[in-house]
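*Asks:* When you get a sec, could you give me coordinates for this:
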Amino acid sequence: MTYDEKDVTELVGLTYQAALSGTTGWREFLSKFGKLGDGCKTFFLIQDSARNAANGILYDGFDPEWIEAFEAYYASTNPTPVNTLGIGDIKTSSMMIERSEMEASEFYNDWLKPQGDLIGCAALTVNRSAEQVFVIGSSIRRRDVDVKEPETAKLLGLIKPHVLRVLEIQKTICDQRLLLTTETNRPAENVGIFVTQGHHRLIYSNDVGANLLREGRVVQLDELGRFRFSNPEDEHAHQTAIPAVVSNLIGDVKRFAASASKDDEFAYRCKLTPLQACDTLPGALAAIRNGGAGFNVLTIEQIRKSEDPIQSLASRFGLTRSEARAAIGIAKGTSAREIAEAHSVSLVTVRNQIKAAMSKVGVHRQVELALTVFKTINL
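*Replies:* The predicted structure follows:
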């Protein structure tokens, strides 16, 4: 395995091209990476450490049928403890797991060995998001391990700062695109972003979202690695909001409020938007787009209760949050039917909320309610 300064410079250049071209750029990067390894099989893998399953993979040099088998089953049999890998770690196979343990596994005997005895590996952990571990690496045949493992690890060390930088750029671009997708107006530093599939599978979270998961007051990953709201009532609202997405049909945007706890200084405004294009996601996460119906973007806006218009209106006139929300909707020119559809409640419920709000505010017409709302809070 030989490479010179020109080869490294070219590989670094491909990483920066990938920041803008996404999946296509990373495929070119993996192809060049494999050529420098004299035909090593290369990969960019996202492994779900909670479920021990592959959440997406880009690759070069592997037979597509073997990759399909990996995604469908063999990823779950891999005994390598990926949850111990930290961002920036570069490890060879023997540093990650005892060789005897790997050789005794179903993963080795039924997946690695039939492909030319791919017992060797060198990998760089480039990111972690929630329970997702992002790894760039190379699979190496047993006969080449002694030479190619240390050389590949050395090459990964040379390009590491550039790869980490590029993925940070992609992540920033991704977060901004997701905010645009959901038409969220608050600053990015106040919004948790989560990409989910189905009812409980977490695919991606931004830094704010990761902090919310760590705190556990609003959302969490349960003991089975399922994404859910911590408060049962909030989780019910979340599950109700998830659209029934079949094939590539896109559901409606849904909004709901999360209460967390009464003594929490923040109110949490949630919005669930079906994700139409998974290429929005950073790096190899775009690989999940195949068969990717049922993806949603959940945004959770953190609003200090003193700044929350719903809370301000509710406190001023003794309204429930639902009544205040309906009143604000009327002030914004939203119809009762549209309010009902947006929050997954019946039209009768919204009409009763509007009537209750009018009674507590002391007005008899919706136009008077709207005027009072505008005078009370800054919409």
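*Asks:* where do the helices sit along the stretch 51-200 of the chain?
*Replies:* Counting by DSSP state H, counting those that start in this stretch, the stretch 51-200 of the chain has helices at residues 64-72, 93-96, 99-103, 106-107, 145-182.
*Asks:* would you list these in TSV and tack on mean pLDDT, mean neighbour count and distance to residue 11?
*Replies:* No exception for glycine: its C-beta is placed from N, CA and C like everyone else's. Converted to TSV, the helices of the stretch 51-200 of the chain look like this (pLDDT from 0 to 100; neighbours: other CB atoms under 10 Å; distance: least, CB to CB, whole Å):
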stretch	mean pLDDT	mean neighbour count	distance to residue 11
helix 64-72	93	14	23
helix 93-96	92	17	22
helix 99-103	95	13	28
helix 106-107	96	16	29
helix 145-182	85	18	6
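*Asks:* of all those, which lies closest to residue 194?
*Replies:* helix 145-182 (9.4 Å; CB to CB).
*Asks:* just the strands in the stretch 201-350 of the chain please.
*Replies:* 201-205, 219-221, 227-229, 254-258, 266-274, 295-304 (DSSP state E, counting those that start in this stretch).
*Asks:* Now distance to residue 101, mean neighbour count and mean pLDDT too, for these, in TSV please.
*Replies:* Formatted as TSV, these follow (distance: least, CB to CB, whole Å; neighbours: other CB atoms under 10 Å; pLDDT from 0 to 100):
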stretch	distance to residue 101	mean neighbour count	mean pLDDT
strand 201-205	29	24	82
strand 219-221	27	20	92
strand 227-229	31	22	93
strand 254-258	43	21	81
strand 266-274	42	21	83
strand 295-304	36	21	84
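*Asks:* Out of those, which gets nearest to residue 165?
*Replies:* strand 201-205 (19.3 Å).
*Asks:* re earlier: so which of the strands of the stretch 201-350 of the chain is nearest residue 329?
*Replies:* Short answer: strand 254-258, nearest of the strands of the stretch 201-350 of the chain by CB to CB, at 10.1 Å.
*Asks:* I'd like to know which elements the closest one is packed against.
*Replies:* helix 232-241, strand 266-274 (3 or more CB pairs under 8 Å, 6 or more residues apart in numbering; DSSP states H and E).
*Asks:* Report the angle between the last one and helix 145-182.
*Replies:* For strand 266-274 against helix 145-182, the angle by axes from the mean of the first three to the mean of the last three CA atoms, to 10 degrees is 100 degrees.
*Asks:* so what strands line up beside strand 266-274?
*Replies:* strand 254-258 (antiparallel), strand 295-304 (antiparallel) (DSSP bridges).
*Asks:* ok, residue 228 - contacts?
*Replies:* Shown in contact with residue 228 (CB atoms under 8 Å, 6 or more residues apart in numbering): 200, 219, 220, 221, 222, 235, 238.
*Asks:* Please report the distance of the residue most central in space within the chain from residue 195.
*Replies:* Geometric centre of the chain, nearest residue: residue 204, 1.0 Å, by CA atoms, centre = their mean. Remark: distance between residue 204 and residue 195 (CB to CB, to the nearest Å) = 4 Å.
*Asks:* do residue 150 as well
*Replies:* 37 Å.
*Asks:* circling back to that earlier point, now the contacts of residue 228 as CSV including distance to residue 374?
*Replies:* Formatted as CSV, the contacts of residue 228 follow (distance: CB to CB, whole Å):
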residue, distance to residue 374
200, 40
219, 33
220, 38
221, 41
222, 43
235, 34
238, 31
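*Asks:* so where is the chain shaky, pLDDT-wise?
*Replies:* 22, 130, 181-188, 243-252, 260-263, 276-294, 305-307, 378-379 (pLDDT under 70).
*Asks:* again, 50 this time
*Replies:* 244-250, 277-279, 283-284, 287-292 (pLDDT under 50).
*Asks:* how many other residues sit next to residue 114?
*Replies:* 11 (other CB atoms under 10 Å).
*Asks:* Tell me how far it lies from residue 66.
*Replies:* Taken as CB to CB, the span from residue 114 to residue 66 is 8 Å.
*Asks:* does residue 266 have beta-bridge partners, and which?
*Replies:* Assigned bridge partners for residue 266, using DSSP bridges, are residue 304.
*Asks:* for residue 88, what are its contacts?
*Replies:* Neighbour list for residue 88: 124, 125, 126, 160, 164 [criterion: CB under 8 Å, 6+ apart].
*Asks:* Go again with 7 Å.
*Replies:* Applying CB atoms under 7 Å, 6 or more residues apart in numbering, one finds that residue 88 lies in contact with 125, 160, 164.
*Asks:* between those residues, which is nearest residue 363?
*Replies:* Taking the contacts of residue 88 together and measuring to residue 363 by CB to CB, the closest member is residue 164, at 57.7 Å.
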